[in-house]
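J.: Sequence first, then the predicted structure, then my questions.
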Amino acid sequence: MTGETVATILRALHHAVLDAQQLAEQEHVRQLRRHTLGDAGESRAPQLLPVTIPGTLPEAEDQEIQVPVLALAPPHPLRIHDVTVSFRARLLGLGTAPDTPGDPAAVAPLLASLGSGDDGDFAQFKVTFETGERPEAFARLLDRMTTSNVP
């Protein structure tokens, strides 16, 4: 009966989540490029939308500002917030300990199988991956684009 180490299974799950996050980030960059690059890839001013803000007082005049389209429709439609993976694995025992004499952290890996079957001991695993906040650099860029277009 062959199996993988639990660490290998968890690493594979982690890489799957990272790959999915990378796809979402690539979409985010594509959206940003769409708003700031021309058809030939040259840098250009961001797409702006004129917005009229009515005066707040009876004698105040309306004010027209140019708002970046990016500020109105943020390019993060895809985002992985939390991913929870739950699985049951058959415990196969301990693998071969690494040959590192004198290393107290060198322990034999726990072997498990995700295959079918009812023989042996099982363990239930639950792993949750959480995402971080939107990068501050993006928020600053968006703020800079917005404030530079307000008269």
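T.: Everything's here; your move.

J.: any idea of the mean pLDDT in the strand or helix carrying Gln22?
T.: Assigned by DSSP states H and E, Gln22 belongs to helix 6-36. Across helix 6-36, pLDDT averages out at 82.

J.: likewise stretch 65-82?
T.: 70.

J.: Quick one: end-to-end length of it, please.
T.: Using C-alpha to C-alpha, to the nearest Å, the end-to-end distance of stretch 65-82 comes out at 38 Å.

J.: same thing with stretch 90-108?
T.: Stretch 90-108 end-to-end distance (C-alpha to C-alpha) = 17 Å.

J.: List the buried residues of it.
T.: 90, 92 (16 or more other C-beta atoms under 10 Å). The C-beta positions use only the backbone N, C-alpha and C, and glycine is treated the same way.

J.: again, but for stretch 124-136
T.: Buried residues in stretch 124-136 (16+ other C-beta under 10 Å): Phe129.

J.: in this protein, what residue sits furthest out from the centroid?
T.: Glu59 (48.6 Å; C-alpha atoms, centre = their mean).
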